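>>> Provide a 3D model corresponding to the input given below.
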Amino acid sequence: MNHLSLLLHLIFFIMLCVSATANDEDQFAYSGFTGINLTLDGAAIVTPNGLLELTNGILRLKGHAFHPTPFRFSRSPNGTMKSFVVSYVFAIYSRTSQPHCMGLINDNNNGNPSNHFFAVELDTNQNELFHDINNNHVGIDINGVTSVKSNTAGYYDNIDPNTFHNATLMSYKVMQVWLEYNGDRRQINVTLAPIHMAKPSKPLLSINYNLSTVLTDMAYIGFSSFFSRHYVLGWSFAMNKPIPAIDISKLPKLPRDGPKPRSKVLEIVLPLATAAFVLAVGITAILLIRRTLRYFGPHRFSYKDLFHVTEGFKNKNLLGIGGFGRVYRGLLSASKLEIAVKKFSHESKKGMREFNLLRSLVQLHGYCRRKGELLLVYEYMSKGSPGMCLYDLEDKPTLSWAQRFRIIKGIASALLYLHEEWERVVLHSDIKPSNVLLDDEMNGKLGDFGLARLYDHGTDPQTTHFVGTIGYLAPELARTRKATPLTDVFSFGIFVLEVIVVDTKLQGDYDVDEASLTLKLVVLSPFHHYKTQHEAGYKYLNRDMAPPDLNPMHLSFHILSLMQNKGFDPENIANQMTMASSSAVSDLSGGR
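As a prediction, this is how the structure comes out:
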């Protein structure tokens, strides 16, 4: 009996079967080889995931894989060959550079008619001994590995059959081969294409050859490989009928290409983790810098610069003296910006965070620390304080009613920000006209945070002592000894009263509705019932909310007569308002 073999360098071959029982089936299709009965030889194995590995790249190893039973290819009684089609999906990795005979024959019997095999070779080695055209070709072999016809690996375009596309066999890319033999026309066609591509209409190789002269009757079909790494993923066969399709979706996966690469943790996750770490370090550094800037202010001045701009803190540049230090006027030579430098005493324990409040307040330009001494650089307020105008100091002009009302609204806005809108609650603790400064447009800004306290929203201040100016202190401080936002509101009420009743130069030139509104605000300031929402007073002043109706008894006759007959004395007014608040609160409680 003759023997038919299809070669694959990986070589697919049909070879002579000497004696065996013919396979009754005339077709099969394997989409992977899990559970498939194959006859394996040499290095050939079926991997756990169903991949047929013919060789694993180890030098001088060869591998064979056969269908376990032969097929009858001849037609009885005339002995002509049946038509058949073979298709297989393969991948090749790592090129061999050693002369070889595909693991089928030896050098001495290459081409001998007694070999009786037919093969299609996929060759990635150019061997002059076998007249190979290059190191990337497909060939048709009969009884030996010197191809009767070969071509560079590739495929013809389905749209334009004259267009040829090269394909690299040793690319580790999955490809598919179709081998067709027409018994009537005695024609052999070999076609190659990438996986997922439809079979090209024009074959890569086509020759006329009568295979009945090579083999007769029964033969085995299978694969042979030598060196390199060769894999078969799927295989189908049919005789005298259409070939069943290989299910591409069920094909096993190839092993990793080349030496085992680093895991994805190293290739992907590790670089990402490194980048994330660097980013985290950068963000942390930025946050620390921002935190430092947030705490220490926008700019740090040198003591030498502040000493220079204030001319050595001379008395001629002295703007005022407070309980915690002196304020000097200066001019920054580079920016020509006028500044006010507050030089705190060594005993002051204030931190920069307690002064770095810029909205509706006197703007802080920077700071300086020197041997435990703190100097703050504020914007210079050219118009001084309302007190200078109210008490006719330094020949200051009279404040109009519109200016006074705007000043009151500005301080109300600052107080709302300190108590409600900033991230922490700030208690000013010393609201009075001399701590309010006026800019060129006579807008009032709250300054001098020498007594300021900080605490978080929703918590109670921890201080157990109080400081401030007599006459502006809330009466409950004598009992609780704790400053709260309510004590600031009380001081604000005294400040408002002082602004609207001191300085008789207005002579009735004021807005009656606005004057009534501010007086109501003053009367409400002692009562805790109306201070549960600090923004209420600001909304009253901006006409966003109507103030509550007041019982006439809230306007104490003693307070009004005191202002009428004796002028404004903060200490006396505060005492009288305390008495009024106690009476009014009793009345409110009794009426509930």
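>>> domains in this protein, as residue ranges please.
Here the domain parsing of the chain from automatic domain parsing is 3-153+210-250, 384-585.
>>> Which one of the ones you listed has the poorest average confidence?
Least confident of the domains of the chain, judged by mean pLDDT, is domain 384-585 with a mean of 68.
>>> so where's the stretch 201-350 of the chain shaky on pLDDT?
Within the stretch 201-350 of the chain, the ranges that satisfy pLDDT under 70 run 216, 257-266, 291-298, 322-324, 345-350.
>>> What ranges does it have for its helices?
Taking DSSP state H, counting those that start in this stretch as the test, the helices found in the stretch 201-350 of the chain are 264, 270-296, 303-309.
>>> between these, which gets nearest to Trp401?
Comparison of the helices of the stretch 201-350 of the chain against Trp401 by C-beta to C-beta identifies helix 303-309 as nearest, at 37.3 Å. In short, each C-beta sits where N, CA and C put it, glycine included.
>>> what about Pro255, how many residues close to it?
17 (other C-beta atoms under 10 Å).
>>> Next: Ala275.
10.
>>> Same question for the one 5 residues further on.
Residues lying near Ala280 (other C-beta under 10 Å) number 10.
>>> now do Asp511
Counted with other C-beta under 10 Å, the neighbours of Asp511 add up to 12.
>>> Then Thr163?
Residues lying near Thr163 (other C-beta under 10 Å) number 11.
>>> and Val377, what are its bridge partners?
Counting by DSSP bridges, Val377 forms beta bridges with Val341, Gly366.
>>> just the helices of the stretch 201-350 of the chain: most buried one?
Mean neighbours per residue, mean count of other C-beta atoms under 10 Å, is largest over those for helix 303-309, with a mean of 16.
>>> So which elements touch that one?
Contacts defined by 3 or more C-beta pairs under 8 Å, 6 or more residues apart in numbering; DSSP states H and E place helix 303-309 against strand 325-332, strand 337-344, strand 364-370, strand 373-379.
>>> Out of those, which gets nearest to Ile470?
With respect to Ile470, and counting by C-beta to C-beta, the nearest of those is strand 325-332 at 19.9 Å.
>>> Near Val145, how many other residues are there?
By other C-beta under 10 Å, 26 other residues sit near Val145.
>>> surely it meets Phe117?
No: contact criterion C-beta atoms under 8 Å: Val145 and Phe117 do not qualify, at 9.9 Å.
>>> Which of the helices of the stretch 201-350 of the chain sits closest to Leu486?
Leu486 lies closest to helix 270-296 among those, at 27.9 Å (C-beta to C-beta).
>>> Relative to Glu420, tell me which of the helices and strands packed on helix 303-309 wins on proximity.
Of all these, it is strand 364-370 that lies closest to Glu420, at 20.4 Å by C-beta to C-beta.
>>> ok, for Leu418, nearest residue in space, not its chain neighbours?
Of all residues not flanking Leu418 in the chain, Val426 sits nearest, at 4.1 Å (C-beta to C-beta, 6 or more residues apart in numbering).
>>> swap that for Gly447, sorry
Val362 is the one closest to Gly447 (C-beta to C-beta, 6+ apart), at 3.7 Å.
>>> With Leu399 instead?
In space, Leu399 is closest to Cys389, 4.8 Å off (C-beta to C-beta, 6+ apart).
>>> helix or strand for the one you found, which one?
In the assignment (DSSP states H and E), Cys389 maps to helix 386-390.
>>> Can you list the neighbours in contact with the helix or strand following that helix?
Next in sequence after helix 386-390, counting helices and strands by DSSP H and E, comes helix 401-416. Residues outside helix 401-416 that contact it (C-beta atoms under 8 Å, 6 or more residues apart in numbering): 359-361, 386, 399, 428, 431, 436, 438, 442-446, 488-489, 492, 495-496, 499-500, 506, 509-511, 514-515, 518, 534-535, 537-538, 541-542.
>>> Looking at the residues you listed, which are in strands?
Using DSSP state E, the subset of the contacts of helix 401-416 located in strands is Val436, Leu438, Gly444, Lys445, Leu446.
>>> May I ask which of those has the most neighbours?
Gly444 (28 neighbours).
>>> Pretty sure that residue sits against Ile431.
No: between Gly444 and Ile431 there is no contact under C-beta under 8 Å: 11.2 Å.
>>> one step back: got the helices of the stretch 201-350 of the chain as JSON lines, with distance to Leu318 columns?
What follows is the helices of the stretch 201-350 of the chain, written out as JSON lines (distance: least, C-beta to C-beta, whole Å):
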{"stretch": "helix 264", "distance to Leu318": "71"}
{"stretch": "helix 270-296", "distance to Leu318": "26"}
{"stretch": "helix 303-309", "distance to Leu318": "14"}
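>>> mind checking which of those is nearest Asp184?
Asp184 sits nearest to helix 264 of all those, at 54.3 Å, using C-beta to C-beta.
>>> do you know how far the residue nearest to Phe90 when sequence neighbours are not counted is from Tyr88?
Distances taken as C-beta to C-beta, 6+ apart put Val232 closest to Phe90, at 5.3 Å, once the chain neighbours are dropped. According to C-beta to C-beta, to the nearest Å, Val232 stands 6 Å off from Tyr88.
>>> which one of these two has more residues nearby?
Neighbours were counted for Val232 and for Tyr88 using other C-beta under 10 Å; Val232 has more, 27 against 24.
>>> hey, what's that one bridged with?
Beta-bridge partners, per DSSP bridges, of Val232: Leu52, Phe90.
>>> ok, now Met175?
Met175 forms beta bridges with Phe90, Pro194, as assigned by DSSP bridges.
>>> hmm, back to that, what residues are up against the residue nearest to Gly447?
Ala340, Tyr378, Glu379, Met381, Leu437, Lys445, Leu446, Gly447.
>>> can you pull the contacts of Phe307?
Phe307 neighbours (C-beta under 8 Å, 6+ apart): Phe313.
>>> okay if I get the contacts of Val362 as a markdown table plus distance to Arg479?
Shown next, in a markdown table, are the contacts of Val362 (distance: C-beta to C-beta, whole Å):
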| residue | distance to Arg479 |
| --- | --- |
| Ala340 | 36 |
| Tyr378 | 35 |
| Glu379 | 38 |
| Met381 | 36 |
| Leu437 | 32 |
| Lys445 | 32 |
| Leu446 | 27 |
| Gly447 | 29 |
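>>> quick check, nearest of the residues you listed to His419?
Scanning the contacts of Val362 for proximity to His419, where the rule is C-beta to C-beta, the winner is Leu446, at 11.8 Å.
>>> Pull the most distant pair out of the ones in strands among the contacts of helix 401-416.
Checking those with C-beta to C-beta, the most distant pair is Leu438 and Leu446, at 11.4 Å.
>>> what are the bridge partners for Phe117, then?
Beta-bridge partners of Phe117, as defined by DSSP bridges: Met15.
>>> Tell me how far Trp178 lies from Lys199.
6 Å.
>>> Residues in a beta bridge with Leu427, which ones?
With DSSP bridges applied, Leu427 shows beta-bridge pairing to Arg453.
>>> and it, how far is that from Leu486?
Distance of Leu427 to Leu486, given as C-beta to C-beta: 10 Å.
>>> And for Asn210?
Distance from Asn210 to Leu486, by C-beta to C-beta: 113 Å.
>>> Please, where are all the strands along the stretch 51-200 of the chain?
Assigned by DSSP state E, counting those that start in this stretch, the strands in the stretch 51-200 of the chain fall at 52-56, 62-66, 71-72, 84-93, 117-123, 137-142, 149-152, 154-156, 164-166, 175-182, 187-194.
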